[in-house]
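J.: below are the sequence and a predicted model for it; my questions follow.
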Amino acid sequence: MMGVLSVSAAEGYAAAASRVFDFGATSSSPVHTPVQPADIYSATRGYGFELGAKLTTSDHPGRGASLKNSISSQDPFSFSVALPEGNYRVTVTLGDATHESDTTIKAELRRLMLEAVQTKPGQFITRTFNVSVRTAKISTGGVVRLKERELTSELVNWDDKLTLEFNGPHPCVSALEITRVEDVTTVFLLGDSTVCDQPKEPWNSWGQMLPRFFDDRVAVANHAQSGESLRSSLGARRLDKVVSVMRPGDYLFIQYGHNDMKERGVGIGAFTSYKADLERFVAAARAHGGIPVLVTSMHRKSLDGAGKIQNTLGHYPEAVRSVAREQKVALIDLNALSAQFYEALGPMQIGSAFQDGTHHNNYGSYELAKCVVAGIRAAKLDLAQHLAADAIPFDPTKPDAVADFKMPASPQASTVRPDGS
């Protein structure tokens, strides 16, 4: 079972109030740990760079206290710290004493945290965000039934480490402080492949992009998984896992439908089994003091010749709306918002948002995350007060231009499509 390789180091660091790393420094102090390019992660050390990093350091001894050390690269690189399950506030200082830097940060399995933070030579910028670290163990007993790929290509989501990917034209990190926090709101996500953390380029989901749109009072915990329906997710005990760590005031965003509609059998249907299972998810969140939010599934790549959306999801989106009305649950109608987005792109450009007929690329998932943020505002959720300062209102009928969108690709890529369609 995963989660044992670095558990001793993770438990050791749990006792510390925070961990502070000084990149490029050559000597330690009582308050920080120096990090050099040769410091490759090991379970014994409990921190370090992941294999494959091509790094340079800028150490400026004797040149004045105003100059800071840093480590940089022309390629993406990852740094990991052994940590137990929980939410962590990450404060990162980016920049270089003598060069420009341009850094995008993704956490764990490509969750977007910071986007294109640029500094001039000698300029250093500090930013803060939260990362949710999890294990498969359920505190009330048992474990999440992980799929094979969650033990291989997706292991970074379950490996007792917090991993940060530094990406961009010239990523450069000077300092890193990681502190466990108990006072932030957690937004849990449950859903299918259009929500989950996709492990490899060019596949992506709105759930991976969503953290970037919140301030440092929110942590996003994405427990969605490719190929799953409400029922299979229940069978894997993903809902049990979520509510076992949920605190009063946390949110649970629920988006299923693409795979549920393919289930067959007596009593199986949008307004029968699917509706009943949705109500079960809602009740579970409320029983633990959580705030459920229902999200209708986005449309597939299904415009007709006139550029109008074609429904391929049957009655499933309407079943979600029905539960929201009857149970007085907040609703984000991503089905309707995605229709506006796709129709705005039109038949000639809709392919720019998709990798296949169902799954999205970076651009498509980024715009859908903006749709979700618009839905948070429209639903008047208290969560809206914790949106990032630059998360400006978004009109899906006027999406960002495809040509203007830039997102540095993570190193790992695959042509294998995610489960589900």
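T.: Good, I have the coordinates.
J.: how far away is the closest residue to residue 85 other than its chain neighbours from residue 158?
T.: Distances taken as C-beta to C-beta, 6 or more residues apart in numbering put residue 135 closest to residue 85, at 4.9 Å, once the chain neighbours are dropped. In this view, the C-beta of every residue, glycine as well, is placed from N, C-alpha and C. Residue 135 is 6 Å from residue 158, where distance means C-beta to C-beta, to the nearest Å.
J.: now swap in residue 55 and tell me
T.: Separation of residue 55 from residue 158 (C-beta to C-beta) stands at 26 Å.
J.: what does residue 302 give?
T.: 34 Å.
J.: which of these two has more neighbours?
T.: residue 158 (22 against 16; other C-beta atoms under 10 Å).
J.: and the more buried one, its phi and psi?
T.: Backbone torsions for residue 158, taken as degrees, to the nearest 10, come to phi -130, psi 20.
J.: those helices in the stretch 101-250 of the chain, which residues are they?
T.: Assignment of helices within the stretch 101-250 of the chain using DSSP state H, counting those that start in this stretch yields the ranges 206-209, 230-235, 238-245.
J.: now for whatever helix or strand comes next after the longest one, which elements pack on it?
T.: Meaning helix 238-245. Using DSSP states H and E, the helix or strand that follows helix 238-245 in sequence is strand 251-255. Packing partners of strand 251-255 (3 or more C-beta pairs under 8 Å, 6 or more residues apart in numbering; DSSP states H and E): strand 185-191, helix 275-287, strand 291-295.
J.: any regions of the stretch 201-350 of the chain where pLDDT drops low?
T.: The stretch 201-350 of the chain contains no residues with pLDDT under 70.
J.: same thing but 90
T.: Along the stretch 201-350 of the chain, segments meeting pLDDT under 90 span 260, 263-267, 305.
J.: ditto for the stretch 1-150 of the chain
T.: Using pLDDT under 90, the flagged stretches of the stretch 1-150 of the chain are 1-17, 25-31, 52-53, 58-68.
J.: just to revisit the earlier point, so the residue nearest to residue 85 touches residue 160, yeah?
T.: Yes. With contact defined as C-beta atoms under 8 Å, residue 135 reaches residue 160; the gap is 6.6 Å.
J.: let me see the domain layout of the protein.
T.: If you go by automatic domain parsing, the domain ranges for the chain are 1-183, 184-405.
J.: can you put the ones you listed in JSON lines and add distance to residue 413?
T.: JSON lines is the format used below for the domains of the chain (distance: least, C-beta to C-beta, whole Å):
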{"stretch": "domain 1-183", "distance to residue 413": "11"}
{"stretch": "domain 184-405", "distance to residue 413": "4"}
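J.: which among the ones you listed is found nearest to residue 419?
T.: Residue 419 lies closest to domain 184-405 among these, at 2.8 Å (C-beta to C-beta).
J.: ok, how many other residues are close to the residue nearest to residue 85?
T.: For residue 135, the count of nearby residues is 22 (other C-beta under 10 Å).
J.: contact partners for it?
T.: By C-beta atoms under 8 Å, 6 or more residues apart in numbering, the contact set of residue 135 is 3, 84-85, 158, 160.
J.: closest to residue 214 out of the residues you listed?
T.: residue 85 (20.1 Å).
J.: quick one: that closest one from residue 17, how far?
T.: Counting by C-beta to C-beta, the gap from residue 85 to residue 17 is 17 Å.
J.: so what's the closest residue to residue 219 other than its chain neighbours bridging to?
T.: The shortest distance from residue 219 to any non-neighbouring residue, by C-beta to C-beta, 6+ apart, is to residue 130 (3.8 Å). Judged by DSSP bridges, the bridge partners of residue 130 are residue 89.
J.: quick check: residue 130 vs residue 214, distance?
T.: Taking C-beta to C-beta as the criterion, residue 130 is separated from residue 214 by 8 Å.
J.: cool, residue 362 as well?
T.: Residue 362 sits at a distance of 19 Å from residue 214 (criterion: C-beta to C-beta).
J.: do residue 381 as well
T.: Using C-beta to C-beta, residue 381 is found at 12 Å from residue 214.
J.: out of the two, which sits in the more crowded spot?
T.: Legend: neighbour count by other C-beta under 10 Å for residue 381 and residue 214, higher for residue 214 (23 against 18).
J.: which residues are in contact with that one?
T.: By C-beta under 8 Å, 6+ apart, the contact set of residue 214 is 187, 220, 386-388, 391.
J.: let's go with 10 Å and repeat that
T.: By C-beta atoms under 10 Å, 6 or more residues apart in numbering, the contact set of residue 214 is 113, 129-130, 184-185, 187, 220, 373, 376, 383, 386-388, 391.
J.: with residue 33 instead?
T.: Residue 33 neighbours (C-beta under 10 Å, 6+ apart): 19-23, 25, 39, 45-47, 81, 176.
J.: secondary structure element holding it?
T.: Going by DSSP H and E, residue 33 is in strand 33-35.
J.: try residue 297
T.: Per DSSP H and E, there is no helix or strand for residue 297.
J.: okay, the closest residue to it other than its chain neighbours and residue 103: tell me how far apart.
T.: By the measure of C-beta to C-beta, 6+ apart, the closest residue to residue 297 outside its immediate chain neighbours is residue 257, 3.7 Å from it. Counting by C-beta to C-beta, the gap from residue 257 to residue 103 is 36 Å.
J.: so who does the residue nearest to residue 295 when sequence neighbours are not counted touch?
T.: Excluding its sequence neighbours, the residue lying closest to residue 295 (C-beta to C-beta, 6+ apart) is residue 255, at 3.8 Å. Counting by C-beta under 10 Å, 6+ apart, residue 255 makes contact with 189-192, 194-195, 205-207, 224, 293-298, 320, 332, 334-335, 372.
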